[in-house]
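S.K.: only the shape, not the letters, is given here:
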DNA sequence: CCATACCAACTGGTTAACCAGTTGGATCAT
DNA sequence: ATGATCCAACTGGTTAACCAGTTGGTATGG
């Protein structure tokens, strides 16, 4: 195997463990060699092995039992392999992929929030919207108020996973948009109006309307940020009802 | 603040840093005290501080410059706060939330795959489908072949974030479904047919049809797994008042 | 008085040693 | 032969010490 020397030691360890899973040195459900053995056989230090193992545990690949040993999750090697590949490439995110993935998450977030959010949630959402508006009228940056509005909605979904994922991609989008300048006033004004439509839909507890409002908002956000480079056919803004029709058709 | 002594040291460190952001001890864009200082002031060891900081960096809250110092991301404290809360509660995932969130991700995955996947992607997807079918005919467990089919589709989206997120929630769903028994033969047979419809849509490169097929599959999967507990009123356009009362109490 | 060179203190990165619980086999009483 | 017992070796958890860059103030030469 080619061991790129520039690669971070922990990544090398993870890759080595992946290789061991490949060649059967360690197998699904079985035991992983101890930290010390791994460190020695991989020519590195225990500290790096430790960090690598903790990352693998965090992603559910292994389970660590203190004073006992390390065991591979009872998942097939090929699945483990896919997960590990994902761990190794985790940070290779581009702005287009981020915004593209954000869309369905936010739409679902709006739908569930419309169904489940409490009056307190609504209040928080409205407050976030007001903060956004105020920052705008004061001529201050609004990027984060924007995202806080969306996080407030996510909190109203009663769905921990959805909230987690939306929160997870938020900082990446924020930092990637930090250097993004445009005709500020106009852009934000549009966003504000779109947010207002979302708030109205949530207050009316109308999931369909919330989804539609959020979809429009996401689509416009993308256009404002990266133009319209996403492959043509998929998304039709003019007849979005049809999209929803099909999406919910089977339900 | 209540410092639960049973809490893991790293979580305590993260919570302390969160508190420091709250009371302004450290501020957005500013410098975080050095690892040693943090360790001493928090009454813990440097190792735990280190792990905590690495987690925070992984989630974009801070940036660590070797031999220089640690700096807070130039994001507003309130946003950072939300992100940190998310980090601390990251594992509190339930199967209902997982499957609920999986649906829009998979639908988008199917849509993008239908638009962008190459012949090689199609081949991989078909192969994964065949593997699933074979495992079924041999009477073997099929849970993972099922997910590998979906991962193959995600790989065809050319969207690194979407692929990451789907991969991220896969092991959780698999392990949560490990102990899930049902009338196996019938269930898998239905899944197979649903998968076949998805494959056909992808081969036809028809995003709408792919979305629809995936939606049906996700909906049936959820029903097979956890019955039909998700509020169904979402699709009805009238009765907003009634849903309000019932839904919000589910919290 | 100013520019420069230097050095001590501090940074995160890394390594090795120590700790307490677990395990499994050798040993010994039955 | 069998069972309980004990102890050495091994486990991951934790801590402290060492390393190599960076920094910023200070002393020194112009």
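M.R.: That came through, no problem. Please read all numbers here as calculations on a predicted model, not as lab measurements.
S.K.: so where's the stretch 51-200 of chain A shaky on pLDDT?
M.R.: A:179-184 (pLDDT under 70).
S.K.: hmm, 90 instead?
M.R.: A:58, A:60, A:66-67, A:74-79, A:82, A:86, A:89-93, A:139-144, A:170-188 (pLDDT under 90).
S.K.: strands of that one, residue ranges please.
M.R.: Counting by DSSP state E, counting those that start in this stretch, the stretch 51-200 of chain A has strands at residues A:62-65, A:69-72.
S.K.: for residue B:225, which of these is the nearest?
M.R.: The closest of the strands of the stretch 51-200 of chain A to residue B:225 is strand A:62-65. By C-beta to C-beta, the value is 23.1 Å. Where you see a C-beta, it was placed from the backbone N, CA and C, and this is true even at glycine.
S.K.: re earlier: can you redo the strands of the stretch 51-200 of chain A as a markdown table with mean neighbour count and distance to DNA strand C?
M.R.: Listed next are the strands of the stretch 51-200 of chain A as a markdown table, based on neighbours: other C-beta atoms under 10 Å in any protein chain shown; distance: least, C-beta to the nearest atom of the strand, whole Å:
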| stretch | mean neighbour count | distance to DNA strand C |
| --- | --- | --- |
| strand A:62-65 | 15 | 8 |
| strand A:69-72 | 18 | 8 |
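S.K.: in CSV: these, plus distance to residue B:40.
M.R.: Listed next are those as CSV, based on distance: least, C-beta to C-beta, whole Å:
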stretch, distance to residue B:40
strand A:62-65, 28
strand A:69-72, 32
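S.K.: among those, which is nearest DNA strand D?
M.R.: strand A:69-72 (4.2 Å; C-beta to the nearest atom of the strand).
S.K.: in its sheet, what does that closest one sit against?
M.R.: Looking at strand A:69-72 with DSSP bridges, its partner strands are strand A:31-32 (antiparallel), strand A:62-65 (antiparallel).
S.K.: who touches the longest one?
M.R.: This means strand A:62-65. A:32, A:53-54, A:56-57, A:70-73 (C-beta atoms under 8 Å, 6 or more residues apart in numbering or on different chains).
S.K.: mind redoing it with 10 Å?
M.R.: Here strand A:62-65 makes contact (C-beta atoms under 10 Å, 6 or more residues apart in numbering or on different chains) with A:17, A:26, A:31-32, A:35, A:50, A:52-57, A:69-74, A:80, B:175.
S.K.: do the shortest one as well
M.R.: Strand A:31-32 is contacted from outside by A:17, A:20-21, A:25-26, A:38, A:53, A:56, A:61-65, A:68-72, using C-beta under 10 Å, 6+ apart.
S.K.: swap the cut-off to 7 Å and go again
M.R.: When contacts are defined by C-beta atoms under 7 Å, 6 or more residues apart in numbering or on different chains, strand A:31-32 is touched by residues A:26, A:62, A:69-72.
S.K.: the helix or strand containing residue A:213 and chain B, are they touching?
M.R.: Element membership of residue A:213 [criterion: DSSP states H and E] is helix A:207-226. Yes. Remark: helix A:207-226 sits within contact range of chain B at A:207-208, by C-beta under 7 Å from any C-beta of the partner chain.
S.K.: so which of the contacts of strand A:62-65 reach DNA strand D?
M.R.: A:32, A:35, A:50, A:69-70 (C-beta under 7 Å from any atom of the strand).
S.K.: how deep is the nearest residue to residue A:59 once chain neighbours are set aside tucked in, by neighbour count?
M.R.: In space, and not counting its chain neighbours, residue A:59 is closest to residue A:87: 5.5 Å by C-beta to C-beta, 6 or more residues apart in numbering or on different chains. As a burial measure, residue A:87 scores 19 neighbours (other C-beta atoms under 10 Å in any protein chain shown).
S.K.: just to revisit the earlier point, any idea how far the helix holding residue A:213 is from the chain center?
M.R.: Here the centre of helix A:207-226 is set off from its chain's centre by 17 Å, with C-alpha atoms, centre = their mean, to the nearest Å.
S.K.: now do the buried residues in that helix.
M.R.: A:207-215, A:217-222, A:224-225 (16 or more other C-beta atoms under 10 Å in any protein chain shown).
S.K.: take the ones next to DNA strand D among the contacts of strand A:62-65 and lay them out in JSON lines including distance to residue B:159.
M.R.: Listed next are those as JSON lines, based on distance: C-beta to C-beta, whole Å:
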{"residue": "A:32", "distance to residue B:159": "32"}
{"residue": "A:35", "distance to residue B:159": "36"}
{"residue": "A:50", "distance to residue B:159": "33"}
{"residue": "A:69", "distance to residue B:159": "38"}
{"residue": "A:70", "distance to residue B:159": "33"}
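S.K.: taking these together, which two end up most distant?
M.R.: A:50 and A:69 (14.0 Å).
S.K.: stretch A:92-102 and chain B, are they touching?
M.R.: Yes. Stretch A:92-102 is in contact with chain B by C-beta under 7 Å from any C-beta, via A:92-94, A:97-98, A:100-101.
S.K.: now for those: which two are most distant?
M.R.: A:92 and A:100 (14.7 Å).
S.K.: just want to know which of those two has more residues nearby.
M.R.: Between residue A:92 and residue A:100, counted using other C-beta under 10 Å, residue A:100 has the larger neighbour count: 23 against 10.
S.K.: before we move on, back to that, from the buried residues of helix A:207-226, which are also near DNA strand D?
M.R.: Applying C-beta under 7 Å from any atom of the strand to these, none is adjacent to DNA strand D.
S.K.: quick check: residues of the stretch 151-251 of chain A near DNA strand C?
M.R.: Counting by C-beta under 7 Å from any atom of the strand, the stretch 151-251 of chain A has no residue next to DNA strand C.
S.K.: which parts of the stretch 151-251 of chain A are helices?
M.R.: A:160-177, A:184-203, A:207-226, A:240-249 (DSSP state H, counting those that start in this stretch).
S.K.: ok, now the stretch 1-150 of chain A?
M.R.: Under DSSP H, counting those that start in this stretch, the stretch 1-150 of chain A gives helices at A:9-23, A:35-41, A:46-58, A:77-88, A:95-116, A:119-137, A:143-155.
S.K.: what residues sit buried inside the shortest one?
M.R.: Read that as helix A:35-41. Buried residues in helix A:35-41 (16+ other C-beta under 10 Å): A:35, A:38-39.
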